[in-house]
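A.B. asks: sequence plus the predicted model coming up.
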Amino acid sequence: MSAATHAPESAHHDDHAHAHPTGLKRWLFTTNHKDIGTLYLWFSLAMFFMGGVMALLIRAELFQPGLQYVNPDFFNSLTTVHGLVMVFGAIMPAWVGFANWLIPMQIGAADMAFPRMNNWSFYLVVPAAILLVASFFVPGGAAASGWTLYPPLIIQQGISIDMTILAVHILGASSIMGSINIITTILNLRAPGMTLMKMPLFVWTWLITAYLLIAVMPVLAGAVTMLLTDRHFGTSFFNAAGGGDPTMFMHIFWFFGHPEVYIMILPAFGVVSAIIPAFARKPLFGYASMVYATASIAILSFIVWGHHMFTVGMPAAGNLFFMYATMLIAVPTGVKIFNWIATMWKGSMTFETPMLFSIGFLCLFTIGGFSGLVLAITPVDITLHNTYYVVAHFHYVLVSGALFSIFAGVYFWLPKWTGNMYHEGLGKLHFWLSVIGFNIAFFPQHFLGLAGMPRRIPDYALQFAEWNMWSSIGAFIFGFSQLLFLYNVVECIRSNRKAAGNPWEGADTLEWTHLPSPAPYHSFETAPVVK
Amino acid sequence: MAEGHKPTPEQRRRAVRSAVLLAAVAVGIYATVFLKFIR
């Protein structure tokens, strides 16, 4: 971890007194990495609540057997758009928001390498999200194929699919632009002395994530462009009626889709690697092995896509390859889990909200990892494919993995972002309600899946009724407890509980050691020198 | 307005070079995926 030589910049340096754009103009035309980070974070919060409302509609429908509130077509649209909104609208933009806020400060740069492109990246995301959500209101309803957009169904639906395809193209372009910005910033604008192996782990995880994005977003874009030409220009890439191959779409989609999971989870590893040492008051155990493990996970993510499609009838050798390759990912992931636990070992630990969410992440993400290992076993997966076991698995990875670490990161850096401390009691209440609600919602889904309940259905057999009821109760506890998070963030911004430059005893990266709270509009007058 | 330190001209040059290279890689991957399946 980096040790800085300069004294913290004085709070008087804070250039709030100096002129910079204000009002709507500031937010529309801003090229400041902190402003753009803030825009991304608020946007992702709005999308999180939008996707959350869809989730609660799904769980309300599934509270008991039979059709209650929505028709089956609309239910399918809900599951599809919930997935797309959460992946592309909530989790990914949240991480880009963190990257914008933190990377320049953590490497001692003044801003991102291409600030104007940074602004464009954000303002591309907004119309894409509007297209996705607006597709509910066009004839035929929103895309109902699942977030995987599988043909042939996707070729047959109405105009909402074109809107979804356009949205995915725009989001891909935005992600690629953002990734180019992040890579060029990290590789070219580091402060003197900030060698690659001194970079905070969050920066490392984002560097690797950005490479993943550049490698796989064009693959998704290629696949959905082919869907578009199949729909409107008479091609038959994936249309079996014209000699195409729908299974090929699955291969291409999952070549993107599996690395996409790591795009959402690697920055989470970076956040947790910042928080656990800070609250254990010990340096991160095994820094170098964390970097190599992150890179290994990213590389392995390119050769495991077939585990999403064991049931399509691949040759046995293919199934075996994907099974063993998938299991191999447990090794670098295990290295990380071991290192986080070793960091806490004999540390002077305290349990403020960021640490609670990080420990929650550690325990629950590990459960998601283990159920992933179960699903990696080909014959088991053939039984569990398309059941609620899979739904339980990926929610343990993406909610208690990605989302919990987003909460952890927000609570950890709120003092630096706003200059104020959040309400610790409310933060802890948010954590406990989230953990309890989340586990009540998703743990029973393992039982439902093992008992054979298929996913993406609005109605189910009577024997699944009890665990579905519990799952819905948990989902509502989890969903409504997120209002506490919103309240806590807004209350923090408006409160008078002034935060010190470094309110966390064990935090040692440049934004804590070199900058006051809130971080000034322009971070460093002169580049800090890192020893 | 007090501004942060600016990147040096050499840093800017290297950043532009990296960005062009990365953009070319992205376009190349997109084109490869598409061209691979055009029969």
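C.D. replies: Noted; the coordinates are in hand. Numbering: from 1, shown residues only, chains lettered A, B, ... in the order given.

A.B. asks: residue numbers of chain B in contact with chain A?
C.D. replies: B:1-7, B:11, B:14-15, B:18-19, B:22-23, B:25-27, B:29-30, B:32-34, B:37 (Cβ under 8 Å from any Cβ of the partner chain). (Glycine included, C-beta is placed from N, CA and C.)

A.B. asks: ok, 7 Å please
C.D. replies: Residues of chain B lying near chain A by Cβ under 7 Å from any Cβ of the partner chain: B:1-7, B:11, B:14-15, B:18-19, B:22-23, B:25-26, B:29-30, B:33-34, B:37.

A.B. asks: buried members of the residues you listed into ChimeraX, please.
C.D. replies: Remark: buried members of the residues of chain B next to chain A, expressed as a ChimeraX selection using 16 or more other Cβ atoms under 10 Å in any protein chain shown:
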select /B:4,5,7,11,14,15,18,19,22,25,26,29,30,33,34,37
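
A.B. asks: which residues in chain B form helices?
C.D. replies: Applying DSSP state H to chain B gives helices spanning B:9-36.

A.B. asks: list the contacts of the residue most central in space within it.
C.D. replies: By Cα atoms, centre = their mean, chain B has its centre lying nearest to B:A19, at 2.2 Å. The contact partners of B:A19, taken as Cβ atoms under 7 Å, 6 or more residues apart in numbering or on different chains, are A:F114, A:I180, A:T184.

A.B. asks: at 10 Å what do you get?
C.D. replies: In this structure, B:A19 makes contact with A:A113, A:F114, A:M117, A:M177, A:I180, A:N181, A:I183, A:T184, A:N188, judged by Cβ atoms under 10 Å, 6 or more residues apart in numbering or on different chains.

A.B. asks: list the buried residues of stretch A:331-344.
C.D. replies: Neighbour-count burial for stretch A:331-344 [16+ other Cβ under 10 Å]: A:P332, A:T333, A:V335, A:K336, A:I337, A:N339, A:W340, A:T343, A:M344.

A.B. asks: show me what contacts the residue in the stretch 151-300 of chain A that chain B sits nearest to?
C.D. replies: Residue nearest to chain B within the stretch 151-300 of chain A: A:G222 (3.1 Å; Cβ to the nearest Cβ). By Cβ under 10 Å, 6+ apart, the contact set of A:G222 is A:172, A:237, A:252, A:256, B:29-37.

A.B. asks: that one belongs to a helix?
C.D. replies: Yes: counting by DSSP: H, G, I helix; E, B strand; the rest coil, A:G222 is located in a helix.

A.B. asks: what's the local residue count around A:S348?
C.D. replies: 10 (other Cβ atoms under 10 Å in any protein chain shown).

A.B. asks: burial measure for the residue nearest to it when sequence neighbours are not counted, as a count.
C.D. replies: Distances taken as Cβ to Cβ, 6 or more residues apart in numbering or on different chains put A:R281 closest to A:S348, at 4.4 Å, once the chain neighbours are dropped. Look at A:R281: counted by other Cβ under 10 Å, it has 14 neighbours.

A.B. asks: the helices in the stretch 351-500 of chain A, which residues?
C.D. replies: A:353-376, A:378-384, A:388-397, A:404-418, A:424-450, A:465-494 (DSSP state H, counting those that start in this stretch).

A.B. asks: closest to chain B out of those helices?
C.D. replies: helix A:404-418 (16.1 Å).

A.B. asks: how far off helix A:424-450 does that closest one point, in degrees?
C.D. replies: Put simply, helix A:404-418 runs at 160 degrees to helix A:424-450, going by axes from the mean of the first three to the mean of the last three Cα atoms, to 10 degrees.

A.B. asks: same for helix A:404-418, what does it pack against?
C.D. replies: Secondary-structure packing of helix A:404-418 (3 or more Cβ pairs under 10 Å, 6 or more residues apart in numbering or on different chains; DSSP states H and E): helix A:33-61, helix A:92-107, helix A:246-280, helix A:353-376, helix A:424-450, helix A:465-494, helix A:510-513.

A.B. asks: just for chain B, where's the confidence low?
C.D. replies: Scanning chain B for pLDDT under 70 picks out B:1-4, B:39.

A.B. asks: again, 50 this time
C.D. replies: B:1-2 (pLDDT under 50).

A.B. asks: dump the contacts of A:G222 into JSON lines; add distance to A:P72 as well.
C.D. replies: Shown next, in JSON lines, are those (distance: Cβ to Cβ, whole Å):
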{"residue": "A:G172", "distance to A:P72": "30"}
{"residue": "A:F237", "distance to A:P72": "29"}
{"residue": "A:I252", "distance to A:P72": "28"}
{"residue": "A:F256", "distance to A:P72": "28"}
{"residue": "B:I29", "distance to A:P72": "38"}
{"residue": "B:Y30", "distance to A:P72": "36"}
{"residue": "B:A31", "distance to A:P72": "40"}
{"residue": "B:T32", "distance to A:P72": "39"}
{"residue": "B:V33", "distance to A:P72": "34"}
{"residue": "B:F34", "distance to A:P72": "35"}
{"residue": "B:L35", "distance to A:P72": "39"}
{"residue": "B:K36", "distance to A:P72": "37"}
{"residue": "B:F37", "distance to A:P72": "33"}
